[in-house]
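**Q** predicted model and sequence follow; I will ask about them next.
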Amino acid sequence: MITSVWLNRGVLAAHCIWLSDDDVNVLKNREVNVVHCPSSNIALGAGTAPVPKMLNKGINVALGTDGAASGGSLDIWKEMRAASLLHRLKDPQAMPSHTVLQMATVNGASALGIRAGVLAPGYLADIIVVDIRKPQFVSPDIVSALVEGAAGVM
């Protein structure tokens, strides 16, 4: 069981792959932000964070890359795809693309205490441009197409 003395909403708890139900409750009750790094966890064979369970409990879960040394890149698009697919192994409905996109944008900004992640008055504006005329974006659901088909350009 994790100790809750130092945990609060200012903490970014990375990975969180071996949590008990009690641990999840501690994170929820202490308003801890979790950063899910699926590519790193896959590459290292470390395990899979119970992200759907944490999201269902109302824990703010953001996406992270962990670092090029353990995740293979710093590409958040890759992390979105990995998160989407990884959690489908247990439940095909576990990680809808809209949820994954929210983890990469709104949840990440919230975890850092930044008013960003959405285009709204009073928020910092970040805009990305994606050429959706590419074949991987031919889909009735553009969010799913983005999460599963987009890639960062270096």
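**A** Now that the structure is in, tell me what you want to look at.

**Q** which residues in the chain form helices?
**A** For the chain, the helices defined by DSSP state H cover 21-29, 38-44, 51-57, 68-71, 76-86, 97-104, 106-111, 142-149.

**Q** rank these by pLDDT, which is bottom?
**A** The minimum mean pLDDT among the helices of the chain belongs to helix 68-71 (a mean of 75).

**Q** show me what it is packed against.
**A** If contacts are counted by 3 or more CB pairs under 8 Å, 6 or more residues apart in numbering; DSSP states H and E, helix 68-71 sits against helix 38-44. For the C-beta atoms, the positions are set from N, CA and C on the backbone; glycine is no exception.

**Q** pull out the buried residues from the helix it packs on.
**A** Going by neighbour count (16 or more other CB atoms under 10 Å), the buried part of helix 38-44 is P38, S39, S40, N41, I42.

**Q** what pLDDT does G152 get?
**A** For G152, pLDDT reads 77.

**Q** related to what we said a few turns ago, quick one: which of the buried residues of helix 38-44 is nearest to S84?
**A** Distance to S84 across the buried residues of helix 38-44 (CB to CB) is lowest for P38, with 8.9 Å.

**Q** that closest one reaches L86, doesn't it?
**A** Yes. Using CB atoms under 8 Å, P38 is in contact with L86, at 5.0 Å.
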